[in-house]
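[1] have a look; sequence and predicted model below, questions after that.
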Amino acid sequence: MNEPDGYGVFSITPTPRHFEIDMPAGGHALLASDGLMRLVDVFKLYTALDLLSAVRNGGLTPLMRLLRMVECDDVHGHRYPRAKVNDDATGLLLYWSP
């Protein structure tokens, strides 16, 4: 990973782009792997903003449990077509302290 012949971690395909945003004190950002983002783009159980709110309010553990339950309930991918049953699911909530 992150080697010339490997693939990027925390990268965007195609080539990652640099950008800056203003983050007010007390602001939050969620870094999420594609496996966690399945709750948004594959299973459509959350919008990206709703996912951030859910993490802020209840932490990542309940969302990870929900994700694995949905994946297991559709193990063959009939309801939610996808390349593999389970994917890595990682999230990191960032908070800018005032």
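    That came through fine. Numbers count the residues shown, from 1 in each chain.

[2] for this structure, which helix is longest?
    When the chain is scanned for its longest helix (criterion: DSSP state H), the result is helix 61-73.

[3] quickly run through the sheet partners of the helix or strand just after that one, with directions.
    Towards the C-terminus, the helix or strand next in line after helix 61-73, according to DSSP states H and E, is strand 91-95. With DSSP bridges as the test, strand 91-95 is paired with strand 28-32 (antiparallel).

[4] still on that earlier bit, average model confidence for the longest helix of the chain?
    For helix 61-73, the mean per-residue pLDDT is 96.

[5] who does that helix touch, helix- and strand-wise?
    Using 3 or more Cβ pairs under 8 Å, 6 or more residues apart in numbering; DSSP states H and E as the contact definition, the elements that helix 61-73 packs against are helix 34-41, helix 48-58. (C-beta placed from N, C-alpha, C; glycine too.)

[6] so where is this protein shaky, pLDDT-wise?
    For the chain, the stretches with pLDDT under 70 are 1-19.

[7] that older thread, contacts for the longest helix of the chain?
    Counting by Cβ atoms under 8 Å, 6 or more residues apart in numbering, helix 61-73 makes contact with 35-36, 38-39, 43, 45, 51, 54-55, 80, 85-86, 89, 91, all of which sit outside it.

[8] PyMOL command to pick out the buried ones of these?
    Selection of the buried residues among the contacts of helix 61-73 in PyMOL, burial being defined by 16 or more other Cβ atoms under 10 Å:
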select buried, resi 35+36+38+39+43+51+54+55+89+91
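
[9] of the contacts of helix 61-73, closest to residue 26?
    Residue 26 lies nearest to residue 55 out of the contacts of helix 61-73, by Cβ to Cβ, at 15.6 Å.
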